[in-house]
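A.B. asks: Here is my input, please return the structure:
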Amino acid sequence: AWAAHGLGRYPGPATVAALQQGAQDPEPQVRREVYESLAMLGDRAGLSTLMNAANRDPSLALRRLAEDSATLLIQNERGLADTSTQIALLQSGSTEQRIEAARQLGRSRDWKALQPLLHLATAGPQSLRIAAISALGQLGDQRAVKKLIEIAIEESGEIRYQSISALASLKDESSVEPLQGLLDEQDSRTRVYAIRALYWVGGPQVPDIVSTGLSDPNESVRVEVLLGLNRLEPEARTPLLLEALKDASPTLRAEATRLLGQQAGKATIAPLLEALGDSDALVRLTAADALASLGEEQAIPILEKLLSRTREEDERALYQRALDSLSP
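C.D. replies: All right, here's what the predicted structure looks like:
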C-alpha cells in the first residue's frame, strides 16, 4: 500500500504498469492506494484499469472509488482547476468535494493552498483531516512541518499515520527528532511508520536511530528496518545487517544474509561463512547462494560437510549447485 501510494508521485509508463499489476492485489488497502495513484498520475493508460475495477472490484466502496478515480484521471489529464476555485470548494463544498479539493490543492504546489489545508488538517471529520494532511505532504511547503509534527505526536490512529507519511514526503530534517520519539510509542504500527519515515527523511543520524528498531519486540518493526536499508550508503548498512543476523526470526536472518551477500568487501565473508552453520535451513541456503555468487572458495569445505550430512534432497541439491559453481 505504501509503495502504491508513493508511485503516484512518479509519472511514467513503468509506474502505470506497476500500478495496473497492483490493482490485482488481494488486499483492499493496496487496491485503494492503486486507484488513487492512477487518478493522481492523470495518465490515460490507467483508465481501463480503473473502469474495470469500477465494475468488478469485490468491495462496493472501492468500486465507487475506482469510478471517482477514473473521473478524476480525466480531469487531471485536462489540467488542474484553478487554486481559488479549489479553496472555495475546500471551505464550503460537500464532503466529497472538499476531499477532492484537498487532493487537487496538494498537487497544485501553490503556496496559497497552505493555510486552508492547515486549517482543515486540525479540525473536522476524520476523512477531511486525512485528506488535508495527505495534501500537505504533497504540497511540498516546509512551513507545514511544525503542525504535522504536532499532529503526529498528539493524535493516534489513521490521523497520526497520515501525518507521519506527510512528514516523510516533505523530507525535512527537523522532523527526525520527533519521529525518533515515536519509536517509544506502544502502538507497533506507529513505530513501523516512524522507521519508514526516518529513512525517507534521511540525515547522518538516521542509521543509528533506525538500528534501535532491530531490538523491537514486534517483528514487523524489525522487518521495516531491513526494508529501508537500500536508502543508506553501503558502509552504513553493514552494521545493521550484522545485527540482524542475530535475530530470533529465521526469516529475518535469511533476509539479512541475502542483503549482506549483495555488499562488496571482505567484511561480509566471515559472517556469511558463519551463516552456513545457522540452525535454520533457509538461512544456510541463502548463505550458500550468496557465497557462490561471490565466488568465495572458502565455503567449499563447509558446503561439502553440509552436503554429506543433509538428508533433505531439495536442500542437498542446492548445496550441490553452490559447490558446482565454486569448483574449478
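
A.B. asks: pull the longest helix from the chain.
C.D. replies: Across the chain, the longest stretch assigned as helix under DSSP state H is helix 60-78.

A.B. asks: Whichever helix or strand comes after that helix - contacts with which helices or strands?
C.D. replies: Next helix or strand after helix 60-78 toward the C-terminus (DSSP states H and E): helix 83-92. Judged by 3 or more Cβ pairs under 8 Å, 6 or more residues apart in numbering; DSSP states H and E, the packing partners of helix 83-92 are helix 95-108, helix 114-122. (Glycine included, C-beta is placed from N, CA and C.)

A.B. asks: These: which one's closest to residue 251?
C.D. replies: helix 95-108 (36.9 Å; Cβ to Cβ).

A.B. asks: and the closest one, what other elements does it pack with?
C.D. replies: Applying 3+ Cβ pairs under 8 Å, 6+ apart, we find helix 95-108 packed against helix 60-78, helix 83-92, helix 114-122, helix 126-139.

A.B. asks: what's in contact with it?
C.D. replies: For helix 95-108, contacts defined as Cβ atoms under 8 Å, 6 or more residues apart in numbering pick out 40, 68, 72, 76, 80-81, 83, 86-87, 89-91, 93, 113, 116-117, 120, 125, 127-128, 131-132, 134-139.

A.B. asks: Give me the buried subset of those.
C.D. replies: Listed as buried from those are 40, 68, 72, 76, 80, 83, 86-87, 89-90, 113, 116-117, 120, 128, 131-132, 134-139; burial here means 16 or more other Cβ atoms under 10 Å.

A.B. asks: Next, give phi and psi for residue 245.
C.D. replies: Dihedral pair for residue 245: phi -60, psi -10, per degrees, to the nearest 10.

A.B. asks: pretty sure it contacts residue 270?
C.D. replies: No. Assessed by Cβ atoms under 8 Å, residue 245 is found out of contact with residue 270, at 11.0 Å.

A.B. asks: The lowest-mean-pLDDT helix or strand in the chain: how far from the chain's middle?
C.D. replies: Across the helices and strands of the chain, mean pLDDT, DSSP states H and E gives its lowest value to helix 60-78, namely a mean of 80. Offset of helix 60-78 from its chain centre (Cα atoms, centre = their mean, to the nearest Å): 24 Å.

A.B. asks: And stretch 300-311, by the same measure?
C.D. replies: For stretch 300-311, the separation from the chain centroid amounts to 38 Å (computed by Cα atoms, centre = their mean).

A.B. asks: How about stretch 285-295?
C.D. replies: Put simply, stretch 285-295 sits 27 Å off its chain's centre (Cα atoms, centre = their mean).

A.B. asks: And stretch 219-227, by the same measure?
C.D. replies: Relative to its parent chain, stretch 219-227 has a centroid offset of 11 Å by Cα atoms, centre = their mean.
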